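*Asks:* Got a predicted structure here, sequence first:
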Amino acid sequence: YAVAASLLIGFSQNEIAASEVFDVKLLAGFLAATELWGAAHGLGFNQRFYYNPLTARLEPIAFDMNVNENSYRVGQLLTAIANEQQKQILLDEAIYRAYVESLTMLIESVRSGELIKLLKQKENGYLNDLHSEYFLLGRFPFNKIVERAEYLSKVLAHEPKNISELEAAYYQSQIYPQIV
């Protein structure tokens, strides 16, 4: 506990780089998946970590992600609405690069149909059991994930090199009425 707490305190006081506190690959993958699903609720005070004594790094634990019909809407980028802790994490160059790489991989997996196919198989396996108690439960709207992946692809097409450029790309991708 003491080591994990020291790492978090050091990070929060800008004494230790995020990539020296967190498992870069796991955190980047977690943030990318959170971005694809639009699951902002799982960030901030709902963020949980496991201290891995073998790597001496903190690993994210998905908790209370609350994915619902408002989560995966197009036009919202989690990093643009993230709290200061999340932005500080993504300011770390190694984590940011791994995040973009993971997000790109997820987008490609959605575009190819592989991820949606896998998720539909998982859904089919659970839906019959769930219908015994939640008989009005419908299928997940996977088309919304496809739409969100396309939106995120457009944001990443600007090739943002850091969190500031990513936020700028997000704002550039917004559709505003033209003032004439």
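*Replies:* Thanks, I have it. Just so it is clear, the model here is predicted, and its values are computed rather than measured. Residues are numbered from 1 along each chain as shown.

*Asks:* which residues does residue 17 contact?
*Replies:* The contact partners of residue 17, by Cβ atoms under 8 Å, 6 or more residues apart in numbering, come to 11, 92. (Glycine included, C-beta is placed from N, CA and C.)

*Asks:* Kindly list the main-chain dihedrals of it?
*Replies:* As for residue 17, its main-chain torsions (degrees, to the nearest 10) stand at phi -70, psi 150.

*Asks:* and if you look at residue 114?
*Replies:* Per degrees, to the nearest 10, the residue geometry at residue 114, taken as phi and psi, is phi -60, psi -50.

*Asks:* and it, how far is that from residue 149?
*Replies:* 12 Å (Cβ to Cβ, to the nearest Å).

*Asks:* which one of the two has more residues nearby?
*Replies:* The neighbour comparison of residue 114 against residue 149 (other Cβ atoms under 10 Å) goes to residue 149, with 21 against 11.

*Asks:* Buried residues, whichever strand or helix holds that one. List them.
*Replies:* With the criterion set as DSSP states H and E, the secondary-structure element containing residue 149 is helix 142-156. Neighbour-count burial for helix 142-156 flags 142, 144, 145, 146, 148, 149, 151, 152, 155, 156 (criterion: 16 or more other Cβ atoms under 10 Å).

*Asks:* what angle do the helix or strand following it and helix 142-156 make?
*Replies:* On the C-terminal side of helix 142-156, the closest following helix or strand by DSSP H and E is helix 163-172. Helix 163-172 runs at 120 degrees relative to helix 142-156, counting by axes from the mean of the first three to the mean of the last three Cα atoms, to 10 degrees.

*Asks:* Show me what helix 163-172 is packed up against.
*Replies:* Judged by 3 or more Cβ pairs under 8 Å, 6 or more residues apart in numbering; DSSP states H and E, helix 163-172 is in contact with helix 78-81, helix 84-91, helix 93-112, helix 142-156.

*Asks:* from what I can see residue 149 touches residue 104, true?
*Replies:* No - the pair formed by residue 149 and residue 104 falls short of the contact definition of Cβ atoms under 8 Å, at 10.3 Å.

*Asks:* Pull the number of nearby residues for the residue nearest to residue 51 when sequence neighbours are not counted.
*Replies:* What sits nearest to residue 51 in space, not counting adjacent residues and going by Cβ to Cβ, 6 or more residues apart in numbering, is residue 4, at 3.7 Å. A total of 17 residues lie near residue 4 under the criterion other Cβ under 10 Å.

*Asks:* mind checking how far residue 4 is from residue 67?
*Replies:* 27 Å.
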